[in-house]
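Visitor: Any chance you could fold what I've pasted below:
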Amino acid sequence: MTKADIIDAVHAKMDGFTKREAADAVELVFEALKEGLATQDKVMISGFGNFVVHDKKARMGRNPKTNEPIEISAHRSLTFKPSPVVKRTMNP
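Guide: Just a heads-up that it's a prediction; the model follows:
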């Protein structure tokens, strides 16, 4: 499913919304999620799941092609844990 598919679904379910208004609403939700993840370590959406940011330390790795050791820099990683409601929807 793409962002365009989500916009189409919102437009189809919200009577009275134009496609542009549906697109704006979807964009606002995504912006709020991005801002929440940038400023906090966790975004919880009841009935959907949790987005959690993990801080990864720098570590040594290796280039699989040449076997040379390389340093993997510290970075932030995002994981998603679906709620039981979503799990039941996926696996009825």
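Visitor: Residue 7 is in contact with residue 23, correct?
Guide: Yes. Applying CB atoms under 8 Å, one finds residue 23 in contact with residue 7, separated by 4.9 Å. From N, CA and C alone the C-beta is placed, and that goes for glycine too.
Visitor: Now tell me what touches the helix ranked longest in the chain from outside.
Guide: Across the chain, the helix with the greatest residue count (assigned by DSSP state H) is helix 19-39. With contact meaning CB atoms under 8 Å, 6 or more residues apart in numbering, helix 19-39 is reached by 3, 6-8, 10-11, 14, 17, 43, 51, 53, 78.
Visitor: what about burial for these, which qualify?
Guide: Using 16 or more other CB atoms under 10 Å as the burial test, those include 6-8, 10-11, 43, 51 as buried.
Visitor: any chance of those residues in JSON lines, with pLDDT, secondary structure and distance to residue 57 too?
Guide: Shown next, in JSON lines, are these (pLDDT from 0 to 100; DSSP: H, G, I helix; E, B strand; the rest coil; distance: CB to CB, whole Å):
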{"residue": "6", "pLDDT": "95", "secondary structure": "helix", "distance to residue 57": "35"}
{"residue": "7", "pLDDT": "94", "secondary structure": "helix", "distance to residue 57": "38"}
{"residue": "8", "pLDDT": "94", "secondary structure": "helix", "distance to residue 57": "42"}
{"residue": "10", "pLDDT": "94", "secondary structure": "helix", "distance to residue 57": "40"}
{"residue": "11", "pLDDT": "93", "secondary structure": "helix", "distance to residue 57": "44"}
{"residue": "43", "pLDDT": "95", "secondary structure": "strand", "distance to residue 57": "23"}
{"residue": "51", "pLDDT": "96", "secondary structure": "strand", "distance to residue 57": "21"}
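Visitor: residues of the helix or strand residue 44 falls within that come out buried?
Guide: Per DSSP states H and E, residue 44 falls inside strand 42-45. Residues of strand 42-45 classed as buried: residue 43 (neighbour count, 16+ other CB under 10 Å).
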